[in-house]
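Asker: Have a look at this prediction, sequence included:
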Amino acid sequence: MSIKPRVSRRLASIFAALCIGVTGSAQALSLVVEDGEIAGVSGLDIQGRLYDVTFRDGAFNAIYPSELSGYGPLARALAQALLATKLPIQAVPGRRTDLRPRGCQSTDSCTILIPEHSDGTAPNARMTHTVEVIYTKDRFSKVPEPLWPFDADTDTQSMPDMLYAVITPAH
């Protein structure tokens with residue numbers, strides 16, 4: 001009986017388990033593309049938990065659930081996670097060269113607003129303070145540092161380069 005083959009088999013099993021774990025987590029992240037637009041991102045890992053993000057046009061008070069006043073620190077964490085994703089946008093089957101987040105009608109760049117906190121809760125907030133993620137040239141390219149104040153009743157449908165991100169726990 002030799003110890004060397006046993007150790008080698010054990011190491012091979014551990015390595016295989018690690019590879020499966022890495023593959024499983026890499027497959028969890030995906031773009032949600034509908035009608036030639038990025039409708040969202042599913043399976044985004046933020047601080048060890050998986051979230052889905054959808055992109056929506058509208059006003060804070062109209063699209064967010066009642067009693068939401070913002071996502072708190074999760075807003076900045078989501079922005080950084082989007083920035084770090086390096087989504088394989090070029091690999092999307094049938095991809096159009098102008099693929100961009102749903103609600104973005106600008107050909108240059110779009111600002112995705114992620115509410116951190118508001119002066120009240122939806123549907124009665126007056127002002128919301130958002131973290132911004134800039135989407136340009138097929139990628140999430142930067143996250144400006146300061147929060148941006150935004151009138152909670154302003155509808156982003158009338159702003160071709162702005163939209164909101166809605167965060168939900170992944171299914």
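Answerer: Cool, the structure landed. These numbers come from a predicted model, not from an experiment.
Asker: CA atoms for contacts and neighbours, from now on please.
Answerer: OK.
Asker: Following the chain onward from the lowest-mean-pLDDT helix or strand in the chain, which element is next?
Answerer: Using mean pLDDT, DSSP states H and E, the weakest-scoring helix or strand in the chain turns out to be helix 3-28, at a mean of 39. Using DSSP states H and E, the helix or strand that follows helix 3-28 in sequence is strand 30-34.
Asker: list the buried ones in that next one?
Answerer: 30-33 (16 or more other C-alpha atoms under 10 Å).
Asker: elements contacting the helix or strand where Ala39 lies?
Answerer: Ala39 belongs to strand 37-46 when elements are defined using DSSP H and E. Packed against strand 37-46 by the contact rule (3 or more C-alpha pairs under 8 Å, 6 or more residues apart in numbering; DSSP states H and E) you find helix 3-28, strand 30-34, strand 49-56, helix 73-85.
Asker: would you put the C-alpha positions of the shortest one in CSV?
Answerer: Extracted as CSV, the C-alpha positions of strand 30-34 are listed here (Å, rounded to 0.1, in the frame of the first residue of the first chain):
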residue,chain,number,x,y,z
SER,A,30,-25.5,36.3,-17.6
LEU,A,31,-26.9,39.1,-19.7
VAL,A,32,-30.6,39.2,-20.2
VAL,A,33,-31.1,40.3,-23.8
GLU,A,34,-34.6,41.0,-25.1
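Asker: Now do the same contact list for the residue lying closest to Val53 once chain neighbours are set aside.
Answerer: Nearest residue to Val53, sequence neighbours excluded (C-alpha to C-alpha, 6 or more residues apart in numbering): Ile167, at 4.7 Å. Residues counted as contacts of Ile167 (C-alpha atoms under 8 Å, 6 or more residues apart in numbering) are 51-54.
Asker: which one of those is nearest Val131?
Answerer: Of all the contacts of Ile167, Val131 sits closest to Val53, with 14.4 Å by C-alpha to C-alpha.
Asker: That closest one against Ile46, yeah?
Answerer: No. Using C-alpha atoms under 8 Å, Val53 is not in contact with Ile46, being 11.3 Å away.
Asker: about what we covered before: now do the buried residues in the stretch of helix or strand the residue nearest to Val53 belongs to.
Answerer: Element membership for Ile167, per DSSP H and E: strand 162-169. By 16+ other C-alpha under 10 Å, the buried positions in strand 162-169 come out as 162-167.
Asker: How about stretch 144-160?
Answerer: 147, 150, 152-157, 159-160.
Asker: Which of the residues you listed fall within strands?
Answerer: Phe150 (DSSP state E).
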